[in-house]
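Undergrad: One predicted model, sequence on top.
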Amino acid sequence: MFIRLGALCFLASLLYAQPLDQKTFTKIFGQVKDSVVTINFSSTQIVNGRPTTADGSGSGVIVSNDGLIVTNKHVISDTTRSFRVTLAGGQELGASFIGMAPDTDISIIKLSSLPAGGVKPAIMGDSDQLEEGDWVLAIGSPFGLGGTLTAGIISKKERSIPITQEGGRSQPHYLIQTDAAINPGNSGGALVNMKGELIGIPTVILSRTGTSSGIGFAIPSNVIKKILSDVAIKRTTLGWLGMSVQSVSELSLGIKRQLGITAQAGVVITDIEKGGPAEKAGLKQYDVLVRINSEEVASVSNFEWLERNLNPGDTALIKIERRGSSQLQDISIAVGESNKKTP
């Protein structure tokens, strides 16, 4: 069962090679703690056909000097009735809703005023540089307990799990899997590396009890950077190519032989939307897509992330393997517009 969300301390391996001393976690916590906030909110839910007020709390991470805060969409969304932000030092401030990603669990809010002395934004790290076994720390407000620190490792750098967003589709990117304890209330908090850099935002756990079982997931920092960029440039549309795909790695050898697929990586086109960009570009069912512009396509999540980041109206160059051809082909495709909208 996937539970949104939460963190407590679970150290996985004393043999891990990354050098640590007794105060390593303490030092990193001191660097990061003032960047993590608690968010208390009230929302209206329909229970037995009647509107009911529900109160709750989550976490958020300050990401700019002017008070922008990243959190989860299931913590704060455009339907949240009211919310307040509590800083690490205990000061409570008002905030306003800025926007949310249409296809992943990220929302952005902004402090209505800044505290004396300003705020301390988190330093963004590069989530692509993570490796399995790296130590990470989770900081947030599990069960409303602000400033809680937990520790663990990267269990899986890139994990695709079936968490559906609006429209019934999974989020268009990998998640980071960690065994740092994540509990309800850690949603939207910080997952940081040993440099004190933000490398993820905890979003969901896999648990039979609703509390941490050592299997938690975070949205990578490089995804968060893209969402923040979309907001900064006031991007309102997402790219769409008009095709459904399946990872080549998921196909059996028998299916590959039957379809004439020799590519070792990429995604195979399983369906093409009538009148869509793929059909207009001459793509065919069972073509294998291996690259979009300069980016290699490794999986369905990878394809969907690259697709959504294309600009409608632009022309993308894709590279495919087609049955009966011994060479890869380049095809230009006019990017369409997704029916999803950015913040």
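TA: That came in fine, so what should we check first?
Undergrad: Quick check: bridge partners of the closest residue in space to Val245 that isn't next to it in sequence?
TA: Closest residue to Val245 apart from its sequence neighbours, by C-beta to C-beta, 6 or more residues apart in numbering: Val267 at 3.8 Å. Heads up, the C-betas are built off the backbone N, CA and C, glycines and all. Here Val267 sits in beta bridges with Ser247, Leu289, as judged by DSSP bridges.
Undergrad: so what's the residue positioned nearest the centre of the chain closest to, chain neighbours aside?
TA: The centre of the chain sits closest to Ile219, judged by C-alpha atoms, centre = their mean, with a distance of 2.9 Å. Nearest residue to Ile219, sequence neighbours excluded (C-beta to C-beta, 6+ apart): Ile201, at 4.7 Å.
Undergrad: What helix or strand is the one you found located in?
TA: Using DSSP states H and E, Ile201 sits in strand 197-206.
Undergrad: okay, the angle between the next helix or strand after that strand and strand 197-206?
TA: Downstream of strand 197-206, the next assigned helix or strand under DSSP H and E is strand 216-220. With axes from the mean of the first three to the mean of the last three C-alpha atoms, to 10 degrees defining the directions, strand 216-220 sits at 140 degrees from strand 197-206.
Undergrad: Could you please name the strands strand 216-220 pairs with and the direction of each pair?
TA: strand 175-178 (antiparallel), strand 197-206 (antiparallel).
Undergrad: pLDDT averaged over the first one - what is it?
TA: Okay, so that is strand 175-178. The average pLDDT within strand 175-178 is 96.
Undergrad: Touching it from outside, list them.
TA: The contact list for strand 175-178, computed with C-beta atoms under 8 Å, 6 or more residues apart in numbering, reads 127, 130, 136, 138, 152-161, 163, 191, 199-200, 203-204, 215-220.
Undergrad: Note down every partner strand of the next helix or strand after that strand and its orientation.
TA: As assigned by DSSP H and E, the chain's next helix or strand after strand 175-178 is strand 190-192. As defined by DSSP bridges, the strand partners of strand 190-192 come to strand 135-140 (antiparallel), strand 197-206 (antiparallel).
Undergrad: pLDDT of strand 190-192, averaged?
TA: For strand 190-192, mean pLDDT rounds to 98.
Undergrad: quick one, what contacts the residue nearest to the centre of the chain?
TA: Contact analysis of Ile219 by C-beta under 8 Å, 6+ apart lists Thr104, Asp105, Ile106, Gln171, His173, Leu175, Ile176, Gly200, Ile201, Thr203.
Undergrad: Out of those, grab the one that's most surrounded.
TA: When neighbours are counted by other C-beta atoms under 10 Å, Thr203 leads the contacts of Ile219 with 30 neighbours.
Undergrad: Give me the below-cutoff pLDDT ranges for this protein.
TA: Flagging of the chain using pLDDT under 70 yields the residue ranges 1-19, 162-170, 340-343.
Undergrad: per the record, what domains does it have?
TA: Here the domain assignment for the chain is 1-44+55-231, 237-341, based on automatic domain parsing.
Undergrad: for the last one, the distance to its chain's centre please.
TA: Average the C-alpha atoms of domain 237-341, do the same for its chain, and the two points are 22 Å apart (C-alpha atoms, centre = their mean, to the nearest Å).
Undergrad: Quick check: which of the domains of the chain is buried the most?
TA: Of all the domains of the chain, domain 1-44+55-231 has the most neighbours on average by mean count of other C-beta atoms under 10 Å, namely a mean of 19.
Undergrad: The stretch 51-200 of the chain: strands as residue ranges?
TA: Ranges of strands in the stretch 51-200 of the chain, per DSSP state E, counting those that start in this stretch, are 68-71, 80-86, 92-100, 107-111, 123-124, 135-140, 148-159, 175-178, 190-192, 197-206.
Undergrad: Present those strands as TSV; the columns should include distance to Thr24.
TA: Shown next, in TSV, are the strands of the stretch 51-200 of the chain (distance: least, C-beta to C-beta, whole Å):
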stretch	distance to Thr24
strand 68-71	25
strand 80-86	27
strand 92-100	31
strand 107-111	31
strand 123-124	17
strand 135-140	8
strand 148-159	10
strand 175-178	17
strand 190-192	12
strand 197-206	14
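Undergrad: And the helices in this structure, which stretches?
TA: In the chain, the helices defined using DSSP state H lie at 24-32, 221-232, 253-259, 277-280, 300-308.
Undergrad: Mind checking those for the one nearest to Thr148?
TA: Closest of the helices of the chain to Thr148 is helix 24-32, at 10.1 Å (criterion: C-beta to C-beta).
Undergrad: What is the closest one packed up against?
TA: strand 135-140, strand 148-159, strand 190-192 (3 or more C-beta pairs under 8 Å, 6 or more residues apart in numbering; DSSP states H and E).
Undergrad: so how far is the shortest one off the chain centroid?
TA: To tie it back to what came earlier, the one meant is strand 190-192. Distance, stretch centre to chain centre, for strand 190-192: 13 Å (C-alpha atoms, centre = their mean).
Undergrad: Identify the residues contacting it?
TA: The contact list for strand 190-192 (C-beta under 8 Å, 6+ apart) reads 28, 32, 35-36, 59, 61, 122, 125, 136-140, 176, 178, 180, 198-202, 218.
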